[in-house]
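Asks: I need the structure of the sequence given here:
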Amino acid sequence: MSRKTSVRHFEDNLSELENIVAQLESNQLSLEDALKAFEKGVKLSQDCQSVLTQAEQKVQILLETNDGERLENFDAETEQ
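Replies: Down below sits the predicted model:
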């Protein structure tokens with residue numbers, strides 16, 4: 001999966017997960033439908049977490065292989 005596809009997939013899954021949460025919070029679903037929605041939400045959450053973990057690992061690799069240079073933490077307040 002390409003990076004753009006992965007990001008789009010993540011964003012679509014996150015949006016769908018937000019919709020499921022809203023449905024569950026509305027208390028308008030039957031118990032059976034709520035269980036199905038919850039199950040789907042858990043799967044979507046796991047998929048999103050997997051994409052985030054991969055992104056975090058890529059960032060760590062980039063930081064560690066930056067020709068041995070130590071990158072400084074960005075502080076938005078001091079940049080203004």
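Asks: helix, strand, or coil at the residue nearest to the spatial centre of the chain?
Replies: Against the mean C-alpha coordinate of the chain, by Cα atoms, centre = their mean, the closest residue is residue 48 at 4.0 Å. Following DSSP: H, G, I helix; E, B strand; the rest coil, residue 48 is assigned to helix.
Asks: list the residues that contact it.
Replies: By Cβ atoms under 8 Å, 6 or more residues apart in numbering, residue 48 lies in contact with 10, 13, 14, 17. To be clear about C-beta, it is placed using only N, CA and C from the backbone, and glycine gets the same treatment.
Asks: may I ask which helix or strand of the chain has the lowest mean pLDDT?
Replies: helix 76-79 (a mean of 58; mean pLDDT, DSSP states H and E).
Asks: rewinding a little: nearest to residue 55, of the contacts of residue 48?
Replies: residue 10 (8.6 Å; Cβ to Cβ).
Asks: just say helix, strand or coil for the closest one.
Replies: Secondary structure assignment for residue 10 (three-state DSSP): helix.
Asks: okay but it is in contact with residue 49, surely?
Replies: No - Residue 10 is beyond contact range of residue 49, at 10.0 Å (criterion: Cβ atoms under 8 Å).
Asks: with neighbour numbers in mind, choose between those two.
Replies: residue 10 (17 against 10; other Cβ atoms under 10 Å).
Asks: now that one, nearest residue through space, not along the chain?
Replies: Distances taken as Cβ to Cβ, 6 or more residues apart in numbering place residue 51 nearest to residue 10, at 4.4 Å, with adjacent residues excluded.
Asks: I'd like to know how many residues surround that neighbour.
Replies: Neighbours around residue 51, by other Cβ under 10 Å: 17.
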